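Student: Below: sequence and its predicted model.
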Amino acid sequence: MAHPADIPAGTLRRTTLAAAVGNTVETYDYAVYGFLATVLAKVFFPASSPTTALLSSFAVFGSAFLARPAGSLVFGPLADRLGRRPALVASLLLMATVSTLIGVLPSTVTIGIAAPVLLVLLRFAQGLAAGGEFTTAIIYVAEFAPPHRRGALSSRVQVGSLAGLLIGAVVVLFLNAELTREQMLAWGWRVPFLLALPLGAIGLYLRSRFGETPEFLAARSETSAQDANVNDLWARVLLLVRVSVLHVIGFYMTYTYVQSYLIQLGLSPFTATSVIAFALLIGLFLVIAGGRVSDRKGRPIALLATSLTVLLVTYPLFAVLSTAPPLWLVILCTVLLSAGPAFYSGIAPITYVQLIPVRMRGRTVSVSYNIAVAALGGSAVFICQALIELTGDKRSPAYLLLAAAAASAIAAFALTRRATQHAQPSPSPVSLSAEAGS
């Protein structure tokens, strides 16, 4: 049975690619809905006022997040009982199928109230698939990677997430450039969803070629295991959730909501999507940098420094954006606003994995993280828009990101203390000492 340190570099690259590409498909499917929110508002809520329709569209966006805990209860135990690979294949197959169905869904004009109802159900099914995808992919890569490269290699799965957002942005950007507003409303919005089918086929092909992780096979072959005691496990779970706050809110807020925010400031859909696409491109490199820094400096220190940076820059950046500045300044502020969450998202996922022992890792990481996503991720875009509507202050979305950064800064500080105080070996092959970068 191969040890992670003994796995050939070529196999490690291909395995990482298989996990990342599948996550690209999952995030792409999520992203296109967010980027098309203003169009889908008119397609599925045509009788509502523009503000109500947009809020309704964001509410449907959030419905998928409510399904993620349920999905984690299916795919998490599957990953622990049958293996990481079967869970990854099943979640990707479900996601690609549901996204294709959204692409062929009739509009409200055609079938009436059944259209938004079916849209909610399909988004819910997307959430079920997403509930098992991201965390299992991170676990899969982390359990293949040598200890000194776990942060760097696991961050590639998060790169896959940003790549999915970037592909979604580019596709929507192309459609906005080539089609009229009427064509987008008539049929153009369907194209990005239908592209999920070939993208999903590529991901399934890559995932079908690889086996189980060495750590999972080793844990399954053991007749007994020293898992964490109940009190310690709950402490780990609470830390995981607290660390995830900035990851979840920052990611969905800066890369999904801000596009609609820029449109409300007066930018065209084409320009707003272009700005987000550029920020995503920069974000790819920042995610990789975050993973590498966490291997060298330690997860807690890197998380704490990033959280504090987000606390310092968020409000000034929103204050500048709210004045509808020149385009170059909009681009600069958007890139800087998303930089902290991107860097943080290269560090946080491997931290989740290292907190939980191997034998319970699939279900525990998946359920804990997806509860946080359901509570915070889906509501983030809705809360940001609601804050503006309630206060009339275009700077008000900053308060949500500031609260997220403060919560995660406190969690990172607690993680730092835990890493220094716990000298005993972890029950997991990925020890708590690795959290400190040792």
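Tutor: Right, received. Where do you want to start? Numbers count the residues shown, from 1 in each chain.
Student: tell me which strands and helices the helix or strand of the chain with the lowest mean pLDDT is in contact with?
Tutor: The helix or strand with the lowest mean pLDDT-type score in the chain, counting by mean pLDDT, DSSP states H and E, is helix 9-35 (a mean of 80). Other elements packing on helix 9-35 under the criterion 3 or more Cβ pairs under 8 Å, 6 or more residues apart in numbering; DSSP states H and E are helix 50-81, helix 84-103, helix 114-144, helix 150-178, helix 190-194, helix 196-207, helix 258-264. All C-beta spots, glycine's among them, are computed from the backbone N, C-alpha and C.
Student: Between the ones you listed, which one is closest to residue 248.
Tutor: For the helices and strands packed on helix 9-35, distance to residue 248 was read as Cβ to Cβ. The smallest value, 9.3 Å, belongs to helix 50-81.
Student: and that closest one, what's its mean pLDDT?
Tutor: Taken as a whole, helix 50-81 carries a mean pLDDT of 84.
Student: before we move on, what about stretch 122-136?
Tutor: Averaged across stretch 122-136, the pLDDT comes to 89.
Student: In PDB, list the C-alpha atoms belonging to that stretch.
Tutor: What follows is stretch 122-136, C-alpha atoms only, in PDB (Å, rounded to 0.1, in the frame of the first residue of the first chain):
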ATOM      1  CA  LEU A 122     -33.600  21.800  -9.600                       C
ATOM      2  CA  ARG A 123     -31.500  24.300  -7.700                       C
ATOM      3  CA  PHE A 124     -32.200  22.200  -4.600                       C
ATOM      4  CA  ALA A 125     -30.900  19.100  -6.400                       C
ATOM      5  CA  GLN A 126     -27.800  21.100  -7.400                       C
ATOM      6  CA  GLY A 127     -27.300  21.800  -3.700                       C
ATOM      7  CA  LEU A 128     -27.500  18.000  -2.900                       C
ATOM      8  CA  ALA A 129     -24.700  17.400  -5.400                       C
ATOM      9  CA  ALA A 130     -22.600  20.300  -4.100                       C
ATOM     10  CA  GLY A 131     -23.000  19.000  -0.600                       C
ATOM     11  CA  GLY A 132     -20.600  16.200  -1.300                       C
ATOM     12  CA  GLU A 133     -18.400  17.600  -4.000                       C
ATOM     13  CA  PHE A 134     -16.000  20.200  -2.600                       C
ATOM     14  CA  THR A 135     -15.100  18.700   0.700                       C
ATOM     15  CA  THR A 136     -14.600  15.200  -0.700                       C
END
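Student: so how far is that stretch from its chain's centroid?
Tutor: 11 Å (Cα atoms, centre = their mean, to the nearest Å).
Student: Tell me, how many residues neighbour the residue lying closest to residue 195 once chain neighbours are set aside?
Tutor: Counting by Cβ to Cβ, 6 or more residues apart in numbering, the nearest residue to residue 195 once its immediate chain neighbours are dropped is residue 171, at 6.6 Å. Using other Cβ atoms under 10 Å, residue 171 has 20 neighbouring residues.
Student: quick one: residue 171 and residue 192 touch, right?
Tutor: Yes. The criterion here is Cβ atoms under 8 Å, and residue 171 meets it with residue 192 at 4.8 Å.
Student: Overlap of the contact sets of these two?
Tutor: Overlap between the contact sets of residue 171 and residue 192, as judged by Cβ atoms under 8 Å, 6 or more residues apart in numbering, is given by residue 32.
Student: Distance-wise, check residue 154 relative to residue 141.
Tutor: Between residue 154 and residue 141 the distance, using Cβ to Cβ, to the nearest Å, works out to 5 Å.
Student: More neighbours: the two, which one.
Tutor: residue 154 (34 against 29).
Student: So the more buried one versus residue 373, what's the distance?
Tutor: In terms of Cβ to Cβ, residue 154 sits 18 Å off from residue 373.
Student: go on, residue 205?
Tutor: Relative to residue 373, residue 205 is positioned 28 Å away (criterion: Cβ to Cβ).
Student: ok, for residue 348, nearest residue in space, not its chain neighbours?
Tutor: Distances taken as Cβ to Cβ, 6+ apart place residue 247 nearest to residue 348, at 4.2 Å, with adjacent residues excluded.
Student: Which positions within the helix or strand that contains the one you found qualify as buried?
Tutor: Assigned by DSSP states H and E, residue 247 belongs to helix 230-252. Neighbour counts over helix 230-252 (16 or more other Cβ atoms under 10 Å) mark 233, 236-237, 239-252 as buried.
Student: returning to what we had before: what distance separates the least confident helix or strand of the chain from the middle of the whole chain?
Tutor: Centroid displacement of helix 9-35 relative to its chain, using Cα atoms, centre = their mean, is 11 Å.
Student: Stretch 261-272 too?
Tutor: Computed by Cα atoms, centre = their mean, the chain-centroid distance of stretch 261-272 equals 23 Å.
Student: can you pull the buried residues of that stretch?
Tutor: Going by neighbour count (16+ other Cβ under 10 Å), the buried part of stretch 261-272 is 261-263, 267, 269, 271-272.
Student: Let me have these in a markdown table, adding pLDDT and distance to residue 67 as columns.
Tutor: A markdown table is the format used below for these (pLDDT from 0 to 100; distance: Cβ to Cβ, whole Å):
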| residue | pLDDT | distance to residue 67 |
| --- | --- | --- |
| 261 | 93 | 26 |
| 262 | 94 | 28 |
| 263 | 90 | 27 |
| 267 | 93 | 32 |
| 269 | 84 | 28 |
| 271 | 92 | 33 |
| 272 | 92 | 28 |
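Student: shaky segments in this structure?
Tutor: Per-residue confidence of the chain (counting by pLDDT under 70) places the weak regions at 1-7, 49, 223-228, 230, 419-438.
Student: how about 50 then?
Tutor: In the predicted model, the chain carries pLDDT under 50 at residues 1, 423-438.
Student: Which strands or helices does the helix holding residue 247 pack on?
Tutor: Helices and strands touching helix 230-252, by 3+ Cβ pairs under 8 Å, 6+ apart, are helix 299-321, helix 327-345, helix 348-355, helix 361-372, helix 378-391, helix 397-421.
Student: Going by contacts, tell me the helices and strands next to the fourth one.
Tutor: Using 3+ Cβ pairs under 8 Å, 6+ apart as the contact criterion, the elements in contact with helix 361-372 are helix 50-81, helix 114-144, helix 230-252, helix 348-355.
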